[in-house]
Structures are given as C-alpha cells and as structure tokens.
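# Mind folding the following:
(chains A and B)
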Protein chains: 2
Amino acid sequence: MPKRVAIIDIGSNSARVVIYHRTSRFGFHLIAQKKAAVRISEGSFDNNGILQENAIERTIEALHTFKSIISDYKARKTIIVATAAVRNAPNRDTFIQRVRKELGLKIKVIDGNKEAFFGAVAATNLLPLKSTAITVDIGGGSTDIALIEDNKVIDTLSIKIGTITIKELFFDKQKPLSKTKEYINSLLEDIPEKFQQATEVIAIGGVLRAVAKSIIMHSNYSYSKIHAFNYQYSDYAEHIASIIDAKDSKELNTLWIKPGRYDTIREGLLIFTMLLKKLGIQSVLTSGVGVREGVFLHDMLRGVGGLFPKDLNPSVVSIIDRLDMIQQPKAPRIAIMRTLFNTLKGELKNREEYLKLLKDAVKISDCGKTLTIYDEHKHTYYIAMQELNWQYTHQEMLLIAAILRSTGEKLLYKTLQKEHQKILPGKKVLRWLAFIYTLSNRLSSYSLKNRYSFHFEDKVLTIKSNSPLYLFEQDLKNLELPEDIVIRVANRY
Amino acid sequence: MPKRVAIIDIGSNSARVVIYHRTSRFGFHLIAQKKAAVRISEGSFDNNGILQENAIERTIEALHTFKSIISDYKARKTIIVATAAVRNAPNRDTFIQRVRKELGLKIKVIDGNKEAFFGAVAATNLLPLKSTAITVDIGGGSTDIALIEDNKVIDTLSIKIGTITIKELFFDKQKPLSKTKEYINSLLEDIPEKFQQATEVIAIGGVLRAVAKSIIMHSNYSYSKIHAFNYQYSDYAEHIASIIDAKDSKELNTLWIKPGRYDTIREGLLIFTMLLKKLGIQSVLTSGVGVREGVFLHDMLRGVGGLFPKDLNPSVVSIIDRLDMIQQPKAPRIAIMRTLFNTLKGELKNREEYLKLLKDAVKISDCGKTLTIYDEHKHTYYIAMQELNWQYTHQEMLLIAAILRSTGEKLLYKTLQKEHQKILPGKKVLRWLAFIYTLSNRLSSYSLKNRYSFHFEDKVLTIKSNSPLYLFEQDLKNLELPEDIVIRVANRY
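All right, here's what the predicted structure looks like:
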C-alpha cells in the first residue's frame, strides 16, 4: 500500500475527497479533505432516477479538481466509491464510462450491504465497542446495518428506506404520520432476529451525528466531541421526538440542528427511533467515522484480517509517528511506571484498567517536546486533546489528557477536572494517576538505565535505585504529593 | 556535525546541560535541558578562590547524570565550557583533570572575551539587530561586552566587575553607594571609544532577563515574551532605580523580581545603568539566548562564516523540519501570494516589509495539519505562538501569528488583535494581510499548477485563471472581504 491514499466518495448531495497519509504500518493521518456540493441526484427523482446532464457536468468538474489535489499531495492510490444516487441511476454506466475516459478514474459502485460493511470496519477499528453491537447508517435511499460480535462483522443488511425516500413518498405529500410509520414498520419486519442480540447501536452518518450534537448541547454535556459520544435513548426520547415534530428550520435551530438539515433529520430520526424500538436497544454510541474510513482501513488492514492488532491504539501510533522527534525507547519508562503502579495501585482500588491508560500516556509523553520543551506538558496535552480519538471512551480520552497535563509540581489540572467532573473520576484518582506518571517520568529523565524498586507502607514510599540520585534528591522539593505521604530515598547520595 | 549536540556549562551557581537536535543544515531545536544547583564556587571566596571538595563532588555527581542523559538522547558530541568560577580557581587544573579521568569529559575554560564573543554569536543569529549594537552580559565575576556591526563581531571586552564582585566588595560591607559607583566608574573608564558607536544594547544573562520580566509586568506590556523584548531605558529609569534601592527580597517581590534574585539583581543593575550612561545608549533589546546558544551556533555555523544565510529564518526552517508532514513545495503558493500582494499593496501603503512576513506565514501554514486538519489554522497559530522566536521583533512574531490564525471566513482574530493592539498594526492592515494570505492559500488548495493573474481597480478584484475554478466559485460565498470590495472571476466555470 502506498504512503498516501485518496478516497473519493460520490453521494447524492456531495462528492468528497479525503487523503490519508500512512505514518507507519499501523499509523495513519488525514491530511486533506475537500467537499464539492455537486448534487449529482438533482432532478433525477423527477426523471426515473436518470442522472441529469448539468449534474454530471458539475460532478466531473469537481472530480477534475479532486484529481489535481490528489496529484499535488502525491497520493499514489485512489479509490472511488459511489453509493445510492449512482447505483440506482439507469444511466449509471454512461456516467462511469465518461469518468473513466475523461479522467482515467475508475468508480466502484457499492451496494447497501457493502456500505454497511465498510461502516462496520470503521466502527470496529476506531470505536470502543461492546461485545455485540449493531451499526446503523441512515442514508438518503437506504438504511444500512451491520451486526458486530467481538469486533467481527457477522452480517449486514440494507433496508430500502432512507431520508429522501421518506421525504418524497410521505413528508412532501403531507401523508399522515401513522401511514409513514406503518410503511417503515413493514420494512423493519424483515430484519432477521439475530440482529436483535446486540446491546448497543453504533450511530453512523450525518443525521445521527447531528442528533448527537443536539443532545450534547441540550444536555450541557461538557465534552463536545461527537466521536464516541454515548447516550441512552430513553434519556433523550422526548428531545428526539421534538426534533421529529419540528415545524420548520427555525424551530430546529432552537434544538441545535442546523437549518440545512431540515430536509433529512426528521425523516432520519423517525427511522432511527422505530429501528431502536424494533431492536430493543437503548445504548447509542456515536461514530465520527463511516464508509470513507472503512474503505481506507479495509485496504490498509487487508494483510491482518481487517483489524488493528490488539494492544495497539491507532491514535497513539499515529501521534508518536508524527510528533515524537525525541525517539527514545519507551520500554524502560513503562517498566518503571508499571513497577510504581503495582506498588501504589491499592490507592486506586486495584483497578488494573488504569495501567493501560498510564502506558499510553507515557508513550506519547515526549510529543510536546517537539513543539518546545518549555511547558512541554501543555503542548502534549494540547496534542492529546486534538488527537486522542480512536478506540477510547470519552472518559479515557480525558483521563489520558489529564495525566499528560500534570507536572511534578502540580498534579491536578483543575480547569480540566472542573469542566469535566461528570465524565472524569474523582480528584483522588486523578492525583494518584498523575503522581505515578510524573514520578516515573522524572526518575527516568535522569537515566534510562537505572533500575528502581519501590516499597509503600504506612504512607511512606521508599525508592531504591542502583545508582545514586543526586539530581532527583535536589528536585524532590518540587514534587507535589497526592496526599499526606512521605518519600524516602533509600540509598541517598 | 552530528545530529545531536550537547552543551554543558559550569557557572558559579549551577551547571547546566542542553541538547540540540539539528533538524537540517540550518534547522535546530532544543530537545533537553537539565540544571543542577551545584554551587561550585561555594566556600571558595573565603579560600582564595580555591574550589572546595564538597562542591567539586557535587559537580562531578551532576556531570555523571548529565553524561547519562546525553547518552540516553544519543547526542554524539559534547562541548563543555566553564566560566569565571573555574577560570579563577587556583586548583582548576586538578578539577579539570579529575573530570577528564573520572568522566572522560574535556572541560574548556573560556575567558571573558570568549564569553562576550559567544553571547554576540547568539545575538547576531537569533535577534533582530540594528546595524550597530553592543551586547552586555553581566556575570558574577565579569561584565562581558561585544561590539557588533552589520551582524559581525568587531571587538570584545571583559570588565572585571560582576554581581558577586560588587556584593562581596561593597554591598556586604555596607560601603556607601558613592564609593561603589566610583569604583565601577573607574573600571568603565577603560572602555575604548569605539564601543560608544552602538545605538542599541543587547541585554544578555539572568540579571537582565529578570529586569525585562519586571518591566513587562510593571508596564502591563501585553506580550510576556522576554526574548526580543525592546525598551527605552529612560522610560523605566525610575523603576530600575527602585529595584536597586530595594531594602529586601519582599520589596523586590512587589517589583516582580523573584526572591532568589536579591543577591545579584541590585548589583547587576547598578553596573548596567552606569554602563548605559557611559555608552550613551537608551535602546535595550533583551536576549533570551546567550553563551550556551553561542557555543552551539558557533560550532554549527563554522562552515558558513558563523551566520545563518540571509533570507533564511532559523525558526521557520526548524518549524517546517519538525512539523510539516505535508511537504508540498511552497514556491507555487508564494508565487500566487506575491502576485496578489503586488496587486493589492496599495491598500498597505506599499510597505514591502509585509511581503517577507507573508512569505514566512505561507511557509509554515501547513504545520497545523500535522496535528489535525480540522481547525488547522488554530494549530498553526498555536505552533507559531510557541516557536516563532528567532530574528523577529515582537510585532513581527505577532503579525505572522495573526495572519496564520485567520481563515477565509474570518479574517481578523479579534482576541489577539485586542490583546496586543499596542504592538500590532491597525485592523485595516491585519485584514488586508489576512485576505492576501487566505485568498492565495485557498486558490493554491485546488491546484498548485494553476496560474492566476489579478487586477484591482475601483474596488473590484478580478481573478483570472488558466483553468476553470468551479470549486473556488462554490467556496467564494465563505470568503470574508477586508472591506467593501467585490471579487470577480474573469473566466467563470
């Protein structure tokens, strides 16, 4: 696979190009994105789905620009997918041929099951999934779902209702809501029983991202990140109902839905709520990624069964690849940190899951230095807040960021702790994690070859080292303690 | 020269190691720094300058740790310099031999003239100097000055008074201030006349950094960066006098001087003010860099006459080396920007100096993308605010940052403009610069091969391109204009 790969997707409303840079075997980073509102399906509904000449012209013009962008970024591979609008057009082959001839680009038309599959590939690799989950992607002409068990895609299904279908068949014709529901229900009937095993819905696509955004605003949720935003449907059933019932885009605006969404959000949410009811699922995990990411990852991870290796977080890998110019081995630091964690974990109720987060924090802890070593913790924190996206829950993202923001002098970053106190664990946990992180980081800053052992008893932490710690002793006075404990250096300089 | 170089300097109070990473031929970045308060001269004043055993032990212990840090960072070259405390010690050779034998490290003792020279090397390469300047570095045992003309070090001088000299000989013995001044004046008499040609003093070292910090706080200067902070002595003569007259460290604290400075700041400022008077200079430019940076740069720039090439800004080079993973050629973008600048510069009173800043902005404009392409302008701005340090005035640093923070949708970043309105040019200038930057950046985002020509007349900016601009036309609606002008696309899609 080449270093840079471009993905173009042609949807009903817009065409989009994204370019990924592979930073290493399992590291990737989005370096470019451009959207063109080509509206390829414009006028086609009144013409039996036939793509119209103007719309085709616009699309080809946009593809010309995309091609030049791809060339400017030196992406060596381009994958182009087209969904429902092209798929359902009687003149699709003429369009595809023309693109091939004029631009040398080969469009791959994918069906609803493939859409569901690619969405699921993105979800399994980039979200913290429960053991059994179902992805739901509500498009213009179809609703695509996939059943995932233990990160494997078990089955997919494409149901022939979407936002545009409902709009054209019912909403635009002012048909009664009961008729619409009847129609949707009749189609949902066909969902095989096995899809109902799932305990969580993964919400993919623009409609469900918009509703997540709306719920975040409505509920004053402190962390305004859509990816991995998790909610219980029943907590917001009323709010969602009021979006569906909204009279106009002005009313939608008061519900934190952008005016441009008026034409799709009510239809989409009607399908969504009925689907949730049918599946009997309450827990919704929002995805910031979908088909495009799935297409890219499917290609990237072909050789390894379509999944990132376990114990490898793709965000962490990518951050290190891009931003750690120090390039010191992390194993010695992690070893010190692990020993210290095992000594002190009683203070953390022996919750082993913190160890993984501490490890990831240590792995990216040098990245701030690539900006500047002065206040490096602030820069590492800044990077973490932007870029810790994949596979983490919101709590995990913020917890790693909180750890990285701490310094030996100041364990708790109060601004973050206060702002996100409903998401983060309590102060005691934050202090102890920061202490383990900063103390082990500091010890390893004098030498990566030193060996340390720790002992904690009666609130006294004894540190023993195989070589004297003159500078550490000098720096000890600048070390905040997580609570009323004492640090004793066994073999003093 | 190897990729990573360590510099250790051993001063009277502390020893310090810094490690520089060379990012390219002319790019460098500080990746590590450690300070040890070894106080090598402790007790030596009462013993004819002889370094005491305890102090030597501490220093050697610290050097052991420094050596291990240097090895952990894989720095392949280490330069160790020692100044007055070691230089003036009768037992210096014993100390040097011991360090050589026990640690394999070779200490280079440098005299006051060399100190002055290295400080001047740092200043000429990293500060925006006037044509004739004089560096002043007030140390413990000497005050080192260098005359610089057109970025060349013309002459150096080391005067045998420093903060510790004055303290021991006068302040500690409660001698009258008039006697102290008499003594200082007698030594300043020897300064050759040619040093008085300079029109600006470059203030190097801890004492003069501390006074800069104090003036920044005292005057509510909005940009709290010490490096390149410029002031007129007469504006703060009273403030400086009150520091010299301070009774105790508590009083100093109210003048924004840290308690630890009490023992040196009053002595240092007495020398400084008398020196300024003697030289007849008012303008002071504060340096955040000094001997260590000079030693490194002298080594790095040996092959090119000790100076960075003209038209190359070492901050810009280093930022690109570290943080531009996009690696697109910048020449096409600069070409578009220059053409646009030349078309519109009438709105900027034809001030050509803005072109250089716009160029540097374009050069680093992709760096934010290395963090994430979402809100990339914020990340590029964040990087610029940390790392645009060398050779710029404060106005230039903030102006480039303001340009980088702008987007096509929002030309003016009001937070920055308001905060630094006393340093930055007016809003009109900011808007036009941001417009030139974002418009040319946007045009080049569709294709680096397109050629554009511009024409500006009667408030109409006409853009002509050698290939149609479908996406640009679509995006035009999101473009804020600097004032009431119209954009016309000559060859519409």
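# separation between the residue nearest to A:Pro128 when sequence neighbours are not counted and B:Gly104?
Excluding the flanking residues, the one nearest A:Pro128 by Cβ to Cβ, 6 or more residues apart in numbering or on different chains is A:Thr393, at 5.0 Å. Bear in mind the C-beta positions are built from the backbone N, C-alpha and C, glycine included. Counting by Cβ to Cβ, to the nearest Å, the separation of A:Thr393 from B:Gly104 is 51 Å.
# between those two, who's got more neighbours?
Higher neighbour count among A:Thr393 and B:Gly104: A:Thr393, with 15 against 9, using other Cβ atoms under 10 Å in any protein chain shown.
# Quick check: pLDDT value at A:Tyr493.
For A:Tyr493, the pLDDT comes out at 65.
# Low-confidence ranges, chain A, go.
Low-confidence segments of chain A (pLDDT under 70): A:492-493.
# domains of it?
Using automatic domain parsing, the domain parsing of chain A gives A:4-109, A:113-292, A:314-489.
# As a markdown table, those with distance to B:Thr156 would be great.
Conversion of the domains of chain A to a markdown table gives the following (distance: least, Cβ to Cβ, whole Å):
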| stretch | distance to B:Thr156 |
| --- | --- |
| domain A:4-109 | 48 |
| domain A:113-292 | 57 |
| domain A:314-489 | 30 |
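# For B:Ile161, find the nearest of those domains.
Of all the domains of chain A, it is domain A:314-489 that lies closest to B:Ile161, at 30.6 Å by Cβ to Cβ.
# circling back to that earlier point, I'd guessed the residue nearest to A:Pro128 sits against A:Phe229; true?
No - A:Thr393 is beyond contact range of A:Phe229, at 9.8 Å (criterion: Cβ atoms under 8 Å).
# what's the residue nearest to A:Pro128 sitting at in phi/psi?
The phi/psi pair for A:Thr393 (degrees, to the nearest 10) reads phi -80, psi 170.
# try A:Tyr452
Per-residue torsions, A:Tyr452: phi -120, psi 150 (degrees, to the nearest 10).
# And it, how far from A:Leu344?
To A:Leu344, A:Tyr452 is 13 Å away according to Cβ to Cβ.
# And for A:Leu255?
From A:Leu255 across to A:Leu344, the span is 47 Å (Cβ to Cβ).
# A:Ile320 too?
If you go by Cβ to Cβ, the gap between A:Ile320 and A:Leu344 works out to 26 Å.
# likewise A:Met1?
Applying Cβ to Cβ to A:Met1 and A:Leu344 gives a distance of 43 Å.
# Compare these two and say which is more crowded by neighbours.
Higher neighbour count among A:Met1 and A:Leu344: A:Leu344, with 19 against 14, using other Cβ under 10 Å.
# any idea which element the more buried one lies in?
helix A:331-344 (DSSP states H and E).
# What of A:Val211?
Using DSSP H and E, A:Val211 sits in helix A:206-218.
# So which elements touch that helix?
Applying 3 or more Cβ pairs under 8 Å, 6 or more residues apart in numbering or on different chains; DSSP states H and E, one finds that helix A:206-218 contacts strand A:132-138, strand A:200-204, helix A:233-244, helix A:262-279, strand A:283-286.
# Alpha carbons of it, as PDB, please.
Provided in PDB are the C-alpha atoms of helix A:206-218 (Å, rounded to 0.1, in the frame of the first residue of the first chain):
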ATOM      1  CA  GLY A 206     -24.700  12.800   9.100                       C
ATOM      2  CA  VAL A 207     -28.200  12.500  10.600                       C
ATOM      3  CA  LEU A 208     -27.000  10.700  13.700                       C
ATOM      4  CA  ARG A 209     -24.000  12.900  14.100                       C
ATOM      5  CA  ALA A 210     -26.400  15.900  14.000                       C
ATOM      6  CA  VAL A 211     -28.600  14.400  16.700                       C
ATOM      7  CA  ALA A 212     -25.600  13.600  18.900                       C
ATOM      8  CA  LYS A 213     -24.500  17.200  18.600                       C
ATOM      9  CA  SER A 214     -28.000  18.400  19.500                       C
ATOM     10  CA  ILE A 215     -28.100  16.100  22.600                       C
ATOM     11  CA  ILE A 216     -24.700  17.300  23.700                       C
ATOM     12  CA  MET A 217     -25.900  20.900  23.600                       C
ATOM     13  CA  HIS A 218     -29.300  20.100  25.000                       C
END
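# got the buried residues for that helix?
The neighbour-count check on helix A:206-218 (16 or more other Cβ atoms under 10 Å in any protein chain shown) flags A:206-216, A:218 as buried.
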